[in-house]
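Engineer: Any chance you could fold what I've pasted below:
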Amino acid sequence: MALLLVLCLTAAGAQDRFAQLMKDILIFDAHIDTPRYVVDEGYRLADEHGYYELDIPRMKKGKLGAVLFGIYAQPQDYAPQMWLPRSLECLEALHSEVKTNRSDIEFAYSAADVERIHKSGKLAALASLEGGHLIADSLRVLRLFHQLGIRYMTLAHFRSNNFADSMTDVEVHGGLSKFGRELVREMNRIGMMVDVSHISDKAVLDVVAESKAPVLASHSSVKAIAPIDRNMPDDVIKAVARKGGVICINFHAGYLEKAAYDVYMKNRPRRDQEIKDALSLRANDPARWEIVRGIQKRYFAQMPKVDYKVLLKHIDHVAKIAGPDAVGLGSDFDGISGMVPAGMEDVSKYPVLVKGLMEMGYSDQDIRKIMGLNILRVLRASEEVASKQ
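Structural biologist: Model (predicted):
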């Protein structure tokens with residue numbers, strides 16, 4: 001009887017602690033790719049959907065406080081002359097949706113804005129560029145994007161460019177190019193965070209050495225757990241952390257567990273061809289995107305299931321080797337074709353991670369850092385570096 005009473009009291013204490021955390025915790029996701037769906041499909045944030053991973057009703061359920069929305073045009077999918085127009089279209093669509101839903105969401109341009117908007121009960125929306133190719137090799141265009149609300153840029157995407165080598169493409173510069181170093185300095189000067197996801201390990205180390213501000217890996221998982229090219233090795237994680245940077249864990253099931261990745265990569269050419277054919281043959285069919293989602297689901301079903309606890313394992317690994325100040329969330333929701341971990345299917349599920357971190361023995365302070373404050377700190381540090389130049 002006494003043991004039962006102790007267990008009940010312990011459970012009640014944990015529930016009270018969780019409820020207190022969830023009252024005001026800032027959950028900040030560094031990378032969600034929803035804007036492209038607004039452009040391509042007329043996706044509306046106000047409507048609760050049974051597909052994709054983000055909308056306002058589900059954001060409220062998950063207590064999401066801030067999002068860095070990804071703006072991108074994959075260099076392998078779009079002709080170079082479309083990179084800039086496509087990114088501007090997606091950014092305009094994001095601004096339009098934020099304006100339409102102003103009672104629930106507000107655009108943030110600074111760390112102070114994020115805090116103010118979060119305290120008001122709204123979601124703070126920020127924007128990012130995924131790939132240096134999107135600025136057409138122009139620092140003037142970079143500055144214009146910053147004025148339009150872009151608060152970080154990933155230096156390269158799936159292809160190497162004139163700034164940096166991609167970790168998934170051939171080595172061109174042996175890391176960061178001379179122009180890439182100039183780009184990093186300019187991003188520091190204007191207060192834009194430097195994102196090192198997608199770039200080669202050597203390029204990351206070059207950026208860390210060059211940057212006066214802490215850097216962000218907006219959506220990168222851990223190579224020691226899932227040994228694939230897209231993930232980050234321990235020595236690079238530690239180098240980022242030593243200068244105050246943050247590694248935000250990607251939720252892609254294939255990036256969390258290699259067995260899932262192997263099946264994903266084996267099937268990817270066939271899956272992508274089916275999608276390309278469906279969009280080409282049904283260019284005027286309103287149901288074409290539903291068909292695409294069906295193709296994605298069919299191939300995802302062939303992958304081994306990955307539980308959300310594997311995601312927690314990646315978070316815990318970074319915290320153990322580099323400290324709890326060095327890890328955050330970078331889900332890549334709406335950019336991973338529905339390949340989500342079981343139990344972490346969309347933005348309504350973030351509280352599961354809070355409970356998981358509690359169960360793993362993390363303090364309230366460290367949970368708050370991991371769930372959002374670490375990203376906010378890097379944003380503020382970038383602003384402070386810019387203010388001194």
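Engineer: hmm, who's touching the helix or strand hosting residue 380?
Structural biologist: In this structure, residue 380 sits in helix 374-387 according to DSSP states H and E. Contacts of helix 374-387 with the rest of the structure, by CB atoms under 8 Å, 6 or more residues apart in numbering, involve 26, 28, 30, 66, 68, 110-111, 114-115, 151, 188-193, 212-216, 244-246, 248, 325-329. Glycine gets a C-beta too; all of them are placed from N, C-alpha and C.
Engineer: just the buried members of those?
Structural biologist: The neighbour-count test (16 or more other CB atoms under 10 Å) marks 26, 28, 30, 66, 68, 110-111, 114-115, 151, 188, 190-193, 212-216, 245-246, 248, 325-329 as buried among the contacts of helix 374-387.
Engineer: Among these, which are located in helices?
Structural biologist: Among the buried ones among the contacts of helix 374-387, the members found in helices (DSSP state H) are 111, 114-115, 188, 190.
Engineer: And the furthest pair within those residues?
Structural biologist: Greatest spatial distance in these: 115 and 188, 22.5 Å, computed using CB to CB.
Engineer: For the stretch 51-200 of the chain, just list every one of the strands.
Structural biologist: For the stretch 51-200 of the chain, the strands defined by DSSP state E, counting those that start in this stretch cover 64-71, 105-107, 123-130, 150-154, 193-195.
Engineer: What sits closest to residue 113 if chain neighbours are left out?
Structural biologist: Distance criterion CB to CB, 6 or more residues apart in numbering; nearest residue to residue 113, sequence neighbours excluded, is residue 124 at 6.5 Å.
Engineer: scratch that, residue 192 is what I was asking about
Structural biologist: Using CB to CB, 6+ apart, the closest residue to residue 192 is residue 146 (5.3 Å).
Engineer: Residue 315: which element?
Structural biologist: Going by DSSP H and E, residue 315 is in helix 308-322.
Engineer: tell me which residues of that helix are tucked away?
Structural biologist: So for helix 308-322, counting by 16+ other CB under 10 Å, buried means 308-319, 321-322.
Engineer: That helix - what's its average pLDDT?
Structural biologist: Helix 308-322 carries an average pLDDT of 98.
Engineer: One more: stretch 27-38?
Structural biologist: 98.
Engineer: Also stretch 69-77?
Structural biologist: 94.
Engineer: Over to stretch 139-153?
Structural biologist: 98.
Engineer: So which residues of the stretch 51-200 of the chain form helices?
Structural biologist: 56-61, 80-100, 111-119, 139-147, 178-190 (DSSP state H, counting those that start in this stretch).
Engineer: Kindly apply the preceding question to the stretch 251-389 of the chain instead.
Structural biologist: 253-256, 258-281, 288-300, 308-322, 350-359, 364-368, 374-387.
Engineer: Residue 261: what's it in contact with?
Structural biologist: Per CB under 8 Å, 6+ apart, neighbours of residue 261: 226, 228, 254-255.
Engineer: My guess is residue 336 contacts residue 256. True?
Structural biologist: No. Assessed by CB atoms under 8 Å, residue 336 is found out of contact with residue 256, at 10.6 Å.
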